[in-house]
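Engineer: quick one: sequence and predicted model below, then my questions.
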Amino acid sequence: MKAAQNIIDVINRLDEIIDRCIQQNSRMGYFATLYRRMTVAVQQGILNNMFEEAARMEQLDVHFANRYITAWDAYVNHRSCSKGWTTAFDACNNASLVVLQHLILGINTHINLDLSIAAALTCPGEKIYGLQKDFEKINDVIADLSQKVQDSLANIWFPLRTLQKITNKREEPVLNFSINSARKASWANAVALALIQGPAHENYIIKIDALVAEIANRIINPGVGMRLLLRPVNWMESRKIGNNISHLQN
């Protein structure tokens, strides 16, 4: 799959991924669908002058998306990709995980790893400091849509309502994962990657990737108590993956 050149390309590539996932009954389509909604929201934000620099935000969005698109293409074609994405994609074969876990697995890798790298690539060196406000805004878009998707899922699979109350909803939807904490770490990593050069840059990415994979494994294996809470959600969810993807599109 060719890399995207602009935000319209990104949406088209995500449509291709979603269509293939529906055809193949693949849970990889869950995050792809959420990510498409995020991209459309960012596109709308650019058109509505939400960001300080529209051209820079589109460039960031394209770098950001190509990280995911490249990882997806590598994985489905049996090539290596990051540990974070490998862990998230491998988990799509696990029928015991609920839709929400798959979404959070994707968000974990995309915010904690991909967004940092994309930001540093868009604004290398000291330029990174000028990106902070727009960086925070794109994270607001992700957090807002993630919450809307959770609310939609809760309307379909009622046990999620109880789960959301127990786990403090937005802050820790499943296990120790907070979007707010993730974006703080992501910004710190973006600054570091923008300023570090040479072999240390790649070594830093390797360390981030290892941590992302560790968090992913905790999302997959959240402990006995959380597994008991998730079990009725899993029972209630439809086994028709295409239908589930359709729910996420609305």
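Structural biologist: The structure has been received and is ready for your questions. Predicted model, so just to flag it, every value in this text is computed and none were measured.

Engineer: so where's this protein uncertain?
Structural biologist: Regions of the chain meeting the criterion pLDDT under 70 cover residues 147, 150-179, 238, 250.

Engineer: quick one, helices of it?
Structural biologist: 7-23, 28-47, 54-76, 83-90, 99-109, 116-122, 132-156, 159-166, 179-195, 199-220, 224-236, 241-249 (DSSP state H).

Engineer: ok, Ile69 - contacts?
Structural biologist: Residues counted as contacts of Ile69 (C-beta atoms under 8 Å, 6 or more residues apart in numbering) are Met1, Ala3, Ala4, Val10, Arg13, Leu14, Ile17. In this view, the C-beta of every residue, glycine as well, is placed from N, C-alpha and C.

Engineer: please report how far it lies from Val98.
Structural biologist: Spatial separation of Ile69 from Val98 under the definition C-beta to C-beta, to the nearest Å is 25 Å.

Engineer: on that earlier part again, deepest-packed of the helices of the chain, please.
Structural biologist: With neighbours defined as mean count of other C-beta atoms under 10 Å, these peak in mean count at helix 99-109, which reaches a mean of 26.

Engineer: that one packs against which elements?
Structural biologist: Using 3 or more C-beta pairs under 8 Å, 6 or more residues apart in numbering; DSSP states H and E, the elements in contact with helix 99-109 are helix 28-47, helix 83-90, helix 132-156, helix 179-195, helix 199-220.

Engineer: tell me, what residue is most central in this protein?
Structural biologist: Per C-alpha atoms, centre = their mean, the C-alpha nearest to the average position across the chain is that of Ile107, at 2.5 Å.

Engineer: can you list the contacts of Ile69 in CSV and add distance to Lys148?
Structural biologist: As requested, the contacts of Ile69 are arranged in CSV below (distance: C-beta to C-beta, whole Å):
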residue, distance to Lys148
Met1, 28
Ala3, 29
Ala4, 24
Val10, 20
Arg13, 23
Leu14, 18
Ile17, 21
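
Engineer: tell me the one of those nearest Gly45?
Structural biologist: Val10 (13.9 Å; C-beta to C-beta).

Engineer: that closest one contacts His63, correct?
Structural biologist: No - in this structure, Val10 is not within contact of His63 by C-beta atoms under 8 Å, at 10.3 Å.

Engineer: what's the closest of the helices and strands packed on helix 99-109 to Asn244?
Structural biologist: Checking those against Asn244 by C-beta to C-beta gives helix 28-47 as the closest, at 7.0 Å.

Engineer: tilt between that closest one and helix 54-76?
Structural biologist: Our comparison of helix 28-47 with helix 54-76, counting by axes from the mean of the first three to the mean of the last three C-alpha atoms, to 10 degrees, yields an angle of 170 degrees.

Engineer: packing partners of helix 28-47?
Structural biologist: With contacts defined as 3+ C-beta pairs under 8 Å, 6+ apart, the packing partners of helix 28-47 are helix 7-23, helix 54-76, helix 99-109, helix 132-156, helix 241-249.

Engineer: quick one: those helices as a markdown table, columns for distance to Asn234 too.
Structural biologist: Listed next are those as a markdown table, based on distance: least, C-beta to C-beta, whole Å:
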| stretch | distance to Asn234 |
| --- | --- |
| helix 7-23 | 19 |
| helix 54-76 | 24 |
| helix 99-109 | 9 |
| helix 132-156 | 12 |
| helix 241-249 | 12 |
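
Engineer: right, and these - which one's nearest Val233?
Structural biologist: When those are compared by C-beta to C-beta, helix 99-109 sits nearest Val233, at 7.4 Å.

Engineer: next, the angle helix 224-236 makes with that closest one.
Structural biologist: Using the same axes, to 10 degrees, the interaxial angle of helix 99-109 with respect to helix 224-236 works out to 120 degrees.
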